[in-house]
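Asker: Sharing a model that was predicted from the sequence below.
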Amino acid sequence: MEKNQEDLGERLERFVKEQASVFGEVISYVPAKLAVTTVQPSEPVAAKATPAAVVSSLTGLEERLAVHKNEPWYNAPSLEVLESQIHDCQKCRLGPLRKKFVFGVGNPNAKLMIIGEAPGADEDEQGIPFVGRAGQLLTKMLKAIEFEREDVYIANILKSRPPNNRDPKPDEVETCEPYLWKQISLIKPKIILCLGRIAGTNLLKTNESLGKMRGQVFDLFGVNVVVTYHPAALLRNPDWKHGAWEDLKKVRRMYDELEA
């Protein structure tokens, strides 16, 4: 394990020199050994699962989905089938307002899943998550830790754009989030990176601030969840990019430890 951590430290140092400039700042150090802390922000987030308990945790997600067993999409065997069954959804007030349903894109077998809050104007036009300025920054963020967009899976809490990019309303989240749960069930990621407070609080069912969620590793049905800044927030507040870089390095290290 020590050798793996040393190797990762060397890689992170190389990232700093070659790629950290995509964040528009010079970072000249590598953080200390990763310390993963599991917290329990609320009842829906399971306690830290041991390897033997992961099956039980995933069963918890299936039990949450079972409430929707009468829905046509419940037994969808793949992401493609799921999208074909829900892309015309009109169950909430956002359905009639959208231009395109933004389902999600990426590797259907990804170990790392990225979750944002809701589509913006560019996403609504193209039907693809994170394609505007924030999406371009997300692509650079992923590259900085040696991921291509095709390596991960990217989705949102909502599949339709709220008017004027306002925050999602609770009833909209309640209506749309089962689709995301089904995506998680099909993909079976090992790590989820939530982008922004709204994504984190809605996925984890907590009222914690972004500041309190950052730096922690949550367990959601056996999947490790990390919360960081939304790329749009980093565009407005460049000083936060330093903290985001720390979060990204933590995710990369966790990912590499999966392979150790």
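Answerer: Arrived safely, thanks for sending.

Asker: ranges for the strands of the stretch 51-200 of the chain?
Answerer: Along the stretch 51-200 of the chain, counting by DSSP state E, counting those that start in this stretch, strands occupy 105-106, 112-116, 153-156, 191-195.

Asker: Can you tell me which of these is nearest to residue 204?
Answerer: strand 191-195 (7.7 Å; C-beta to C-beta). No exception for glycine: its C-beta is placed from N, CA and C like everyone else's.

Asker: Now do that closest one against strand 112-116, angle only.
Answerer: Strand 191-195 and strand 112-116 are oriented at 20 degrees to each other (axes from the mean of the first three to the mean of the last three C-alpha atoms, to 10 degrees).

Asker: Which neighbouring elements make contact with strand 191-195?
Answerer: With contacts defined as 3 or more C-beta pairs under 8 Å, 6 or more residues apart in numbering; DSSP states H and E, the packing partners of strand 191-195 are strand 112-116, helix 197-204, strand 223-228, helix 241-259.

Asker: Make a markdown table out of those and add mean pLDDT, mean neighbour count and distance to residue 93.
Answerer: Output for the helices and strands packed on strand 191-195, formatted as a markdown table (pLDDT from 0 to 100; neighbours: other C-beta atoms under 10 Å; distance: least, C-beta to C-beta, whole Å):
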| stretch | mean pLDDT | mean neighbour count | distance to residue 93 |
| --- | --- | --- | --- |
| strand 112-116 | 98 | 26 | 20 |
| helix 197-204 | 97 | 24 | 17 |
| strand 223-228 | 97 | 24 | 27 |
| helix 241-259 | 95 | 18 | 32 |
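
Asker: Columns distance to residue 69 on top of the ones you listed, output as a markdown table?
Answerer: Shown next, in a markdown table, are these (distance: least, C-beta to C-beta, whole Å):
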| stretch | distance to residue 69 |
| --- | --- |
| strand 112-116 | 24 |
| helix 197-204 | 22 |
| strand 223-228 | 22 |
| helix 241-259 | 32 |
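
Asker: Give me the below-cutoff pLDDT ranges for the stretch 151-260 of the chain.
Answerer: Applying pLDDT under 70 to the stretch 151-260 of the chain picks out residues 260.

Asker: Ends of stretch 108-115, what's the gap?
Answerer: Taking C-alpha to C-alpha, to the nearest Å, stretch 108-115 runs 14 Å from one end to the other.

Asker: ok, now stretch 196-209?
Answerer: 10 Å.

Asker: Please apply the same query to stretch 93-100.
Answerer: Using C-alpha to C-alpha, first and last residues of stretch 93-100 are 14 Å apart.

Asker: Would you mind pulling the contact partners of that stretch?
Answerer: 89-90, 119, 123-127, 158, 160-163, 172 (C-beta atoms under 8 Å, 6 or more residues apart in numbering).

Asker: Buried subset of the residues you listed as a PyMOL selection?
Answerer: If you want just the buried ones from these in PyMOL, going by 16 or more other C-beta atoms under 10 Å, the selection is:
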select buried, resi 89+119+123+124+127+158+160+161+162+172
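
Asker: residues in contact with the residue lying closest to residue 203 once chain neighbours are set aside?
Answerer: What sits nearest to residue 203 in space, not counting adjacent residues and going by C-beta to C-beta, 6 or more residues apart in numbering, is residue 194, at 5.7 Å. Applying C-beta under 8 Å, 6+ apart to residue 194 gives the contacts 115, 116, 200, 203, 204, 213, 225, 226, 227, 228.

Asker: is it possible to export those residues to TSV including distance to residue 72?
Answerer: Listed next are those as TSV, based on distance: C-beta to C-beta, whole Å:
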residue	distance to residue 72
115	24
116	26
200	30
203	24
204	28
213	35
225	29
226	33
227	32
228	35
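
Asker: List just the nearest of these to residue 242.
Answerer: Nearest to residue 242 among the contacts of residue 194, with distances taken as C-beta to C-beta, is residue 228, at 11.7 Å.
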